[in-house]
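Asker: Provided below for reference: sequence and predicted model.
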Amino acid sequence: MKAGRAILFGSLFVFFLLFISVIFTLVSKGSREKVALVRVEGPIVEAKTVVDEIKGYVKDTSVRAIVMRVDSPGGGVVPSQEIYDEIRKAKAIKKVVISMGSVAASGGYYISAPADRIIANPGTITGSIGVIMVVPNLKGLLDKVGIKTEVVKSGKNKDLASVFRGIGEDERRIIQSVMDDVHEQFISAVAEGRKMPLDKARQISDGRIFSGRQAIGIGLVDEIGDLDDAVKAAGKLAGIEGEPEVVSKSEKGMILKFLDGRVPEGLSHVLPDLHLKYMYYMYMP
């Protein structure tokens, strides 16, 4: 009988110790200050997913800083601008650090510019500060096969940049004026985000690319490092003592990316698109 009681009390004591250990682990984990990791990977074709994620972490009081992992050749002008604006808003409340992957160019750099600190790998391809609009010209092919198009329009420029014919001089001037204005918006965003004189930003905004190491010398990047370095830098900027806990959302599969409006990078180059883009065509022939 006594032996049975001893075993029972021993089992209860072990269970109690395990219970206390679990509670302590959960409490200590919950009390650790966090750094949120938001990934922007592939062409930027929509902003809502990233914007909503940033907003959620800004509201989360346990998150002290946000690291944006940018591995993107750029994308649409408007989604890039929307992500840029959201990062700028987040920066007013919490520290934001950019970690550049293989490529963070054009729109990928646009969204990086307003951060508190930009960290790139030495071989990261970045820069490409410019705007591009690619208009296929199918006129020669259609003439060969005997296909013609008939256009009925209410204004002479309503079929501007039609793929069924070449671009005339008047049309080119109109498109170029839009491109120049959007490019100037890009330059201003870089100058503001990097606290750089506008003239200096304009000098390096001719579409050229830079390695991560080159970008430090011209003020586009702050330091060389990887993702772990960016997390540590974010924690330090936020005043977190010790190693911060990193939280992030799970990556979605290809089907869910399609449902979200994101096009996988491999397909983005073959789908027709006449939008203005902050895009670095790394894989274009």
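Answerer: Received it, and whenever you're ready, just let me know what you need.
Asker: quick check: buried residues in stretch 220-237?
Answerer: Buried residues in stretch 220-237, counting neighbours by 16 or more other CB atoms under 10 Å, are found at 220-222, 224-225, 227, 230-235, 237. All C-beta spots, glycine's among them, are computed from the backbone N, C-alpha and C.
Asker: what's it in contact with?
Answerer: 33, 35, 37, 64-67, 69, 95-100, 109, 116-122, 124, 126-127, 190, 194, 204, 210, 212-213, 215-216, 243-244, 246 (CB atoms under 8 Å, 6 or more residues apart in numbering).
Asker: what mean pLDDT does that stretch have?
Answerer: The pLDDT scores in stretch 220-237 average 96.
Asker: let's number from 36 now, not from 1
Answerer: Got it, first residue is 36 now, which makes that one stretch 255-272.
Asker: distance from the chain centre to that stretch, please.
Answerer: With CA atoms, centre = their mean, to the nearest Å as the basis, stretch 255-272 stands 16 Å off its chain's centre.
Asker: restricting to C-alpha, output that stretch in PDB.
Answerer: In PDB, the C-alpha atoms belonging to stretch 255-272 read as follows (Å, rounded to 0.1, in the frame of the first residue of the first chain):
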ATOM      1  CA  LEU A 255      21.900  53.000 -51.800                       C
ATOM      2  CA  VAL A 256      22.900  50.300 -49.200                       C
ATOM      3  CA  ASP A 257      24.100  50.800 -45.700                       C
ATOM      4  CA  GLU A 258      26.100  47.600 -45.000                       C
ATOM      5  CA  ILE A 259      26.900  44.100 -46.200                       C
ATOM      6  CA  GLY A 260      25.300  41.200 -44.500                       C
ATOM      7  CA  ASP A 261      22.800  38.300 -44.800                       C
ATOM      8  CA  LEU A 262      19.300  37.800 -43.400                       C
ATOM      9  CA  ASP A 263      20.600  36.900 -39.900                       C
ATOM     10  CA  ASP A 264      22.600  40.100 -39.800                       C
ATOM     11  CA  ALA A 265      19.400  42.000 -40.700                       C
ATOM     12  CA  VAL A 266      17.500  40.400 -37.900                       C
ATOM     13  CA  LYS A 267      20.200  41.200 -35.400                       C
ATOM     14  CA  ALA A 268      20.400  44.800 -36.700                       C
ATOM     15  CA  ALA A 269      16.600  45.200 -36.400                       C
ATOM     16  CA  GLY A 270      16.700  43.900 -32.800                       C
ATOM     17  CA  LYS A 271      19.600  46.200 -31.900                       C
ATOM     18  CA  LEU A 272      17.800  49.200 -33.500                       C
END
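Asker: on that earlier part again, filter the contacts of stretch 255-272 down to the ones in strands?
Answerer: Secondary structure from DSSP state E places 70, 72, 99-102, 104, 130-135, 152-155, 161-162, 245, 281 of those in strands.
Asker: now do the SS call for Ser147.
Answerer: Judged by DSSP: H, G, I helix; E, B strand; the rest coil, the three-state class of Ser147 is coil.
Asker: quick one, what contacts the closest residue to it other than its chain neighbours?
Answerer: Once flanking residues are discounted, Ser147 sits nearest to Ile133: 4.4 Å by CB to CB, 6 or more residues apart in numbering. Counting by CB under 8 Å, 6+ apart, Ile133 makes contact with 102-103, 105, 139, 147, 150, 152-154, 265.
Asker: same check, this time on Val75
Answerer: Val75 is in contact with 85, 103-107, 118, 143, 146, counting by CB under 8 Å, 6+ apart.
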